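> return atomic coordinates for the entry below.
(one chain, ligands or ions: 1)
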Amino acid sequence: MSSAAVQMDLDQDYPEIRDSVRRICEGFPGEYWREQDAKSEYPHAFVDALTEAGYLAALIPEEYGGAGLPIRAASVILETIHAAGSSAAACHAQMYTMGTVLRHGSEEQKRKYLPKIATGELRLQAFGVSEPTTGTDTTQLKTRAVREGDGYRVNGQKIWTSRALQSDLMLLLARTTPPDEVQKRTQGISVFIVDLREAKDNGVEIRPIDTMINHNTNEVFIENLFVPAENLVGEEGKGFRYILDGMNAERVLIASEALGDARYFIERGVAYANERVVFGAPIGKNQGIQFPIARAHAETEAAELVIRKAAALFDNGRDCGAEANMAKMLASEAAWHAAEACFQTFGGFAFAREYDIERKWRECRLMQTAPISTNLILAYVAQHVLGLPRSY
Ligand SMILES: Cc1cc2nc3c(=O)[nH]c(=O)nc-3n(C[C@H](O)[C@H](O)[C@H](O)COP(=O)(O)OP(=O)(O)OC[C@H]3O[C@@H](n4cnc5c(N)ncnc54)[C@H](O)[C@@H]3O)c2cc1C
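This next block holds a predicted model:
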């Protein structure tokens, strides 16, 4: 960990990236997203546009064909997408899931996968952690990988594995040593790269889950899947630590999406409150309309500062676990309060799909639950920041 002083930018940083991402999003108006949502379709055209512009390879180092940008730049990309009314949920994992391979993979794995992920030739955007009977208690996961010859035989089940049907590769977390043979439950868990192109219908069955948002998420059934030993990431048994390393990046980036959502709702709410005239005056003249929006704005500003702090610490190689978690919690709550204020401001029209408010409102609710729920963040802060006893 570096101990150098960390500087934090307060301006509209990366203005060229913001402009360019905004221009891409202009090609995908509300109509496009409504259609994808109604059909539960994957937004291929939008993902292709971002891939071609190189934005999904923002965090891949230049030597592996990416842009080699800091996490703050990736944060700006995702915030801008969401503030424009679009959604990066279909592809955000392509940005950060590769971080596990980058930090812990062998040079051979990096050379094999990262350049192709950077061009979009290979999609690594499925992350199989959650299981139906395990919940947030990840170390209790039941999926087992047993050494067999020059590989591993894997059996188990995952749930909520988003984008598995639109991904060539999946990072899979599985137990390689039974829990009663390790000192700590965090040990004995390993990370594998599963080539879904070969594994689909050959040990892996993927079943989409019908959800209230268009998220392309799935159940994944794994039966006697053979994974070559060369697809093990890092050392056997250390996978839990590897994925924890990547979670801070994920938290900062999801927080940035929530921040973009909050900005979207505030902008739409203010515009409507100024133009909608009822009882002879714009509804925004009423404190009952303007105060919730103003409060959401204040919360959004505060969340943005914590996001910037977390990103600055991350980019300087400093520990940012507390900041990344708090950023995700504060931004997801600011977004939800902004969504509620905007929804109420739009009156009955909020329910009409053509206004996009109900779709964005549904979508932003997820951020208080995934990738980690608010309670678990509060438990982390209570225990690790404040020194309170572990509550679970
Ligand atoms: C649309 C969607 C996409 C997802 N994508 C992925 C993905 O790509 N890959 C993946 O691996 N997972 C994914 N997830 C899973 C997601 O990360 C989990 O749903 C989330 O972490 C919560 O886990 P759970 O649903 O098992 O809830 P549980 O762990 O069962 O918790 C249920 C509730 O109880 C609370 N709770 C549990 N324990 C405690 C405690 N000790 N103290 C206080 N409260 C507690 C939780 O906060 C939560 O509110 C996705 C989920 C959704 C809905």
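> pretty sure Val146 is in a strand, no?
Yes - counting by DSSP: H, G, I helix; E, B strand; the rest coil, Val146 is found in a strand.
> for it, which residues make a bridge with it?
Counting by DSSP bridges, Val146 forms beta bridges with Arg153.
> mind listing what it touches?
Tyr152, Arg153, Val154, Thr176 (C-beta atoms under 8 Å, 6 or more residues apart in numbering). Where C-beta positions appear, they are placed from N, C-alpha and C, glycine not excepted.
> from what I see, Glu52 and Gly120 are in contact.
Yes - if you go by C-beta atoms under 8 Å, Glu52 and Gly120 touch, sitting 7.4 Å apart.
> quick one, phi/psi of the residue nearest to Leu124 when sequence neighbours are not counted?
Nearest residue to Leu124, sequence neighbours excluded (C-beta to C-beta, 6 or more residues apart in numbering): Leu169, at 4.3 Å. Note on Leu169: its backbone torsions stand at phi -130, psi 150 [degrees, to the nearest 10].
> out of everything not next to it in sequence, what's closest to Ala45?
Leaving aside its chain neighbours, Ala45 sits nearest to Phe28 (7.3 Å; criterion: C-beta to C-beta, 6+ apart).
> one more: Met8?
The spatial neighbour of Met8 that comes closest, neighbours along the chain excluded (C-beta to C-beta, 6+ apart), is Ala312 at 4.5 Å.
> and if you look at Lys238?
For Lys238, ignoring the flanking residues on the chain, the nearest one in space by C-beta to C-beta, 6+ apart is Ser190 at 7.3 Å.
> the stretch 51-200 of the chain against the ligand: which residues are in contact?
Proximity of the stretch 51-200 of the chain to the ligand is confined to Phe127, Gly128, Val129, Ser130, Gly135, Thr136, Trp160, Thr161, Ser162 under the rule C-beta under 6 Å from any ligand atom.
> ok, back up a step: can you pull the contacts of the residue nearest to Ala45?
Pro43, Ala45, Phe46, Ala49, Ser86.
> domains in the protein, by residue range?
15-119, 124-238, 241-385 (automatic domain parsing).
> got phi/psi on whichever residue of the chain sits closest to the ligand?
Closest contact between the chain and the ligand, by C-beta to the nearest ligand atom, is at Gly135 (2.8 Å). Gly135 adopts backbone torsions of phi 60, psi -150, taken as degrees, to the nearest 10.
> cool, Ile206 as well?
For Ile206, the backbone dihedrals (degrees, to the nearest 10) come out as phi -120, psi 120.
> so Tyr380 makes contact with Lys328?
No - counting by C-beta under 8 Å, Lys328 is not a contact partner of Tyr380; they are 10.6 Å apart.
> just want to know which of these two has more residues nearby.
Between Tyr380 and Lys328, counted using other C-beta atoms under 10 Å, Lys328 has the larger neighbour count: 31 against 16.
> residue contacts, that one?
Contact partners of Lys328, counting by C-beta under 8 Å, 6+ apart, are Arg251, Val252, Ile254, Ala255, Ala258, Met367, Ile372, Ile377.
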